[in-house]
Each structure stands twice: as structure tokens, then as C-alpha cells.
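1. Below is the structure, and that's it, no one-letter string:
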């Protein structure tokens, strides 16, 4: 089946020898897909937890906002390396066992972070978070085709990636509220408990998932020869770097530019996440039909929202900033599922290898965005962070417009 732009849609394109209908029978069906959505929710919440806690973390550990933001930079860098390396090392091992073990690693990492006496120990815990996150995301992203019939793959993929948006809806705001109530350490303890519960759910609900063939380095590198794959990865790099350059420091921005109080931050982040959840499902349906069109809209709206935050935030205060944060969340909610759909369509026969590249670039971009945003925050202030993020989003818009789409 082709999409509206001459590209091959994700649905109906499984590796040779694996019938989509048989995948639905042999696989775990929708309960297993739900468990994977819980896994993506948990890993993204674990990664992003410092966003809503950045100010109290920096205050207690006596470091600047930019230095506290390194808790995201380190996690992203490790996840970027872990995704392709773990995919290569796993061979044909049962993905169910691997996923459960990686979730256990995340639980341990969050406990270490909760009791970290200083920034060095906290950064060490975040290294473990990156290891677990990179592996879970790389494996989970491409499993929908093995769990449900082919006609249901786009919906299942959207559900798996809904965990990313749900992390913004529930995870990050909940962590912010817990931080306000019981201190930032209590948020990490709660996250460790959630990770343990999800590990158990994966072990129970997923079927055995050994790989038919191991992913090899030459296979991963071969994907980079395709122009649509290269375009997709460049798009991910620009869009995600731009978003996280701004979003990592959204709390200081909202406080300094719009005058938001500490007790309002959680509500504003909740608005971002609710809009993002809606954007995830809307973009999933649109990207399955026409990935270029979906991403043109996403990049344009995201760039506009980020660039307008300093202007409307100052002019209209918290209400104006809240409206833009919601629009920003709506656009960013579709990024993960749309870019993953683009890459799956560009490499339909190399699902896990494409996912590994996707996660590597995505998390490398998170790290770079957090790092660049930190330098902008320390050097240019809150407004500089927004301008930097918006400029990179404009670059992503240009990339979508002129780059090679799948099937063209």
C-alpha cells in the first residue's frame, strides 16, 4: 500500500516470511501493546523527570540551571550510544526478557538518583537511566508488527508512542507535583516503583520474542545509504534538538518571562502533555497516509509556538504562555510517531536496525538540545533559549520540504 506521496506506508510491510495476520495470532495482541506503551511512558518519564524539578535540584545540590540540565544531557548521550550498541549485541535473544531486564535497570537507576548526595552521584545514576532507556526504546519501537495484524499496525504504533506523550501528561507533571509536596527525591522513588511494576507487566504480557536474525553492523550502516533514511535522521536531529534546547529550560522561562509561580508550573506542563497526547494520535493517523505533509505541519506549528513564547508570554503573562505551551505540546506530541513512521516506511525490511538509528539520533539530539539550551540559558537568558529552539525547528521545516521522502 502506498501513501499519498508515493511512499510506502508502514502497514502491511513486514519482513519476509512473517505474515501480519500470523503475527497477531502468535503475538500478545493489544495487552502486549499496552505494556509496551507503559514501557515507553516509563522510560521517557525517567529521562524527563528533571525538567519539572530543575530548580529544586539545582538549589539543593548548589549548581546552576545549566549544570542541573546536564542530568538530561548525560542520559541522552548514553541512550544514543546504547540503542545501536545493545541492538547489535543482543543478537537473537528474546526481546521479552531483555525488555524486562532493562526496566529493572531503570528502577535501580531511579533509586540511586533519589538518594544521590551530590551532582556527581546523580549524574552516575542518569548514566544508568540512559542505558535502560536506549535499549527499551530501540526494541519497543518496532514491535507492533509482531503483536497485531498488519491492518492494525499503525494504530498499535501510535499506542506504543502514546507513552511518550503520556509521560508529559502524567509523568513529568506528576513528578513536579511530588517534588513540590515531598521534595524532588520523592519523585525519583516513585519512578523506581513504577519501573518495577512495568518490568513485571512486560514479563507477563509479552509473548516470547526471539529475533529471526541478528542485527549486524553492516546492515545498520547500509540503511544510511538511502536518501529518505538520511533525510529522516537529519529531521529528527534538528527537530528534537530544537525542542529540547527550549523545553529543558521551560520552567525557568515560564518563571522569568511569563511570571509563572512555582505552583503553576505543574499545571502548565499538564496542559503541554494533554495537548501532546492528542497530537500523538492525530499525527499517527496522518503520518501513515502522508508522512511529509504531517511533518510539515508539525514543524511549522512547533517553530511558531516556540518563537512566540517570549513575545506573548511578556504581553499576556501566564494565560498567553499557557496557550502557546498547549500548542507547542500539540505539535511535539506528533514528532515521535511521525518520524518513526517515516523511517519505518524508508526501511520496511530492517525494522529494528532503523529503530536503533532513530533512537540513537533522537537521544543524541536530546543531549545536544539540553547542552545547547544550557549554554544559551547561562549566556543569553530565557529568551535566548526560545530563539535557539525556534531557529532549529525552522531548519527542520526546511529539511522536510526539500528532503527525500520515503518512496520518492
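-> The structure has been received and is ready for your questions. Being a predicted model, the structure only gives us computed values, none of them experimental. Residues are numbered from 1 along each chain as shown.

2. So residue 142, which state does it fall into?
-> coil (DSSP: H, G, I helix; E, B strand; the rest coil).

3. how much space between it and residue 134?
-> 14 Å (CB to CB, to the nearest Å). (Each C-beta comes from the backbone N, C-alpha and C, glycine too.)

4. Which one of those two is surrounded by more residues?
-> Set residue 142 next to residue 134 and count neighbours by other CB atoms under 10 Å: residue 134 wins out with 31 against 23.

5. Just to check, that one is in contact with residue 79?
-> Yes. Using CB atoms under 8 Å, residue 134 is in contact with residue 79, at 3.5 Å.

6. Between these two, which contacts overlap?
-> By CB atoms under 8 Å, 6 or more residues apart in numbering, residue 134 and residue 79 have these common neighbours: 359, 363.

7. All the helices of the stretch 251-400 of the chain, in order from the start?
-> 262-289, 291-332, 335-346, 351-379, 382-402 (DSSP state H, counting those that start in this stretch).

8. so which of those is the most packed in?
-> Highest mean neighbour count among those (mean count of other CB atoms under 10 Å): helix 335-346, with a mean of 29.

9. Quick one: distance of that one to the chain centre.
-> 12 Å (CA atoms, centre = their mean, to the nearest Å).

10. between that helix and helix 382-402, how many degrees?
-> Relative orientation of helix 335-346 versus helix 382-402 (axes from the mean of the first three to the mean of the last three CA atoms, to 10 degrees): 20 degrees.

11. Let's test this: mean pLDDT of helix 335-346, rounded?
-> For helix 335-346, mean pLDDT rounds to 86.

12. got the angle for that helix vs helix 351-379?
-> Using the same axes, to 10 degrees: helix 335-346 against helix 351-379 is 140 degrees.

13. helices or strands next to helix 335-346 in the packing?
-> Secondary-structure packing of helix 335-346 (3 or more CB pairs under 8 Å, 6 or more residues apart in numbering; DSSP states H and E): helix 153-166, helix 227-247, helix 262-289, helix 291-332, helix 351-379.

14. I'd like these laid out as a markdown table, including distance to residue 92 and mean pLDDT.
-> Converted to a markdown table, the helices and strands packed on helix 335-346 look like this (distance: least, CB to CB, whole Å; pLDDT from 0 to 100):
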| stretch | distance to residue 92 | mean pLDDT |
| --- | --- | --- |
| helix 153-166 | 22 | 82 |
| helix 227-247 | 24 | 91 |
| helix 262-289 | 29 | 82 |
| helix 291-332 | 30 | 86 |
| helix 351-379 | 11 | 81 |
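
15. Which positions within stretch 76-87 qualify as buried?
-> 76, 77, 78, 79, 80, 81, 82, 83, 84, 85, 86, 87 (16 or more other CB atoms under 10 Å).

16. what's it in contact with?
-> Contacts for stretch 76-87 (CB under 8 Å, 6+ apart): 47, 126-127, 129-131, 133-135, 137-139, 215, 220, 244, 352-353, 355-357, 359-370.

17. I'd like to know which of the buried residues of stretch 76-87 is nearest to residue 374.
-> residue 76 (12.2 Å; CB to CB).

18. Quick check: the nearest residue to residue 41 once chain neighbours are set aside vs residue 391, distance?
-> Spatial nearest neighbour of residue 41, chain neighbours left out: residue 163 (3.5 Å); criterion: CB to CB, 6 or more residues apart in numbering. Separation of residue 163 from residue 391 (CB to CB) stands at 29 Å.

19. Would you map the helices across the stretch 101-250 of the chain?
-> 119-140, 144-147, 153-166, 172-182, 184-205, 217-223, 227-247, 250-256.

20. Pull out the buried residues from the fifth one.
-> With burial defined by 16+ other CB under 10 Å, the residues of helix 184-205 counted as buried are 184-185, 187-192, 194-196, 198-199, 201-203, 205.

21. quick one: that helix to chain centroid distance?
-> The answer for helix 184-205 is 18 Å, by CA atoms, centre = their mean.

22. can you list contacts of that helix?
-> Outside helix 184-205, the residues touching it (CB under 8 Å, 6+ apart) are 28, 31-32, 34-36, 38-39, 42, 45-46, 49, 53, 56-57, 60, 96-97, 99-101, 103-104, 106-108, 110-111, 113-115, 171, 174-176, 178-179.

23. Ok, the fourth one next?
-> With CB under 8 Å, 6+ apart as the test, helix 172-182 has contacts from 45, 48-49, 51-53, 56, 186-187, 190-191, 262-263, 265-267, 269-270, 273.

24. let's go with 6 Å and repeat that
-> 48-49, 51-53, 56, 186-187, 190, 265-266, 269-270 (CB atoms under 6 Å, 6 or more residues apart in numbering).

25. Noted, bye for now.
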